[in-house]
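Undergrad: Need coordinates for the following:
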Amino acid sequence: MNPNPDPLEKFINDTVRGLPPKRAPRSLESRVLAEIARREALPWWRRSWTYWPTLVKGGFLVVSAATAAAMIMVFLQIFRGGSFAAVSASLSRPLEMAKAVWAACLALGSVGQDLVNIVPPVWLYSTLGAVAALYITVFGVGAAAYRTLYQTR
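TA: Residues are numbered from 1 along each chain as shown. The predicted structure is shown next:
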């Protein structure tokens, strides 16, 4: 802010500060609350990126990166004077690799499902309980160490 204001600046500032505050319309609160309720009722795919589930965000990023890479490859082939056959040949290898990766993911998923079906539920619950107990122990020891080392005197 300028320590020595212009006379015009000082006049405008004084005039604006002297104006009475403008009142909001009576219906503003109900319209704002209605708009908030309308936005909260929207499904996740109609909301902004921050409301999307993490898995969907990751999938979107992977698909977007693959699409961008494919477009760059196509444009490079076109600018080099390549034909349609050269462009399709350059895209066929990444697509075959993507198909192989997808097949591997499906196979791993089916193996994981088979393993989960083989393990008795008592073992799963016991393991989850043991892991929870270990986490509680770690946090308890950490809290005790903090209180011991950083106790105010």
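Undergrad: how's this protein carved up into domains?
TA: 29-92, 118-153 (automatic domain parsing).
Undergrad: The longest one: end-to-end distance?
TA: For domain 29-92, the separation between the terminal residues is 58 Å (Cα to Cα, to the nearest Å).
Undergrad: That domain: how far from the chain's middle?
TA: The gap between where domain 29-92 is centred and where its chain is centred comes out at 13 Å by Cα atoms, centre = their mean, to the nearest Å.
Undergrad: next SSE after the lowest-mean-pLDDT helix or strand in the chain?
TA: None of the helices or strands of the chain scores lower by mean pLDDT, DSSP states H and E than helix 84-118, at a mean of 84. Using DSSP states H and E, the next helix or strand after helix 84-118 towards the C-terminus is helix 121-149.
Undergrad: Next, the angle helix 84-118 makes with that next one.
TA: 90 degrees (axes from the mean of the first three to the mean of the last three Cα atoms, to 10 degrees).
Undergrad: where in the chain is pLDDT low?
TA: 1-3, 152-153 (pLDDT under 70).
Undergrad: circling back: CSV please, covering the domains of the chain and showing distance to Leu8 and mean neighbour count.
TA: In this view, the C-beta of every residue, glycine as well, is placed from N, C-alpha and C. Shown next, in CSV, are these (distance: least, Cβ to Cβ, whole Å; neighbours: other Cβ atoms under 10 Å):
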stretch, distance to Leu8, mean neighbour count
domain 29-92, 37, 11
domain 118-153, 57, 9
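Undergrad: Need those in TSV (columns: distance to Asn4).
TA: Listed next are those as TSV, based on distance: least, Cβ to Cβ, whole Å:
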stretch	distance to Asn4
domain 29-92	42
domain 118-153	50
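Undergrad: Now do the contacts for Trp52.
TA: 44-45, 60 (Cβ atoms under 8 Å, 6 or more residues apart in numbering).
Undergrad: And it, how close does it get to Val62?
TA: Trp52 is 14 Å from Val62, where distance means Cβ to Cβ, to the nearest Å.
Undergrad: Kindly report the same for Arg26.
TA: Arg26 sits 50 Å away from Val62, taking Cβ to Cβ as the criterion.
Undergrad: for Asp114, same thing?
TA: Counting by Cβ to Cβ - Asp114 and Val62 are separated by 26 Å.
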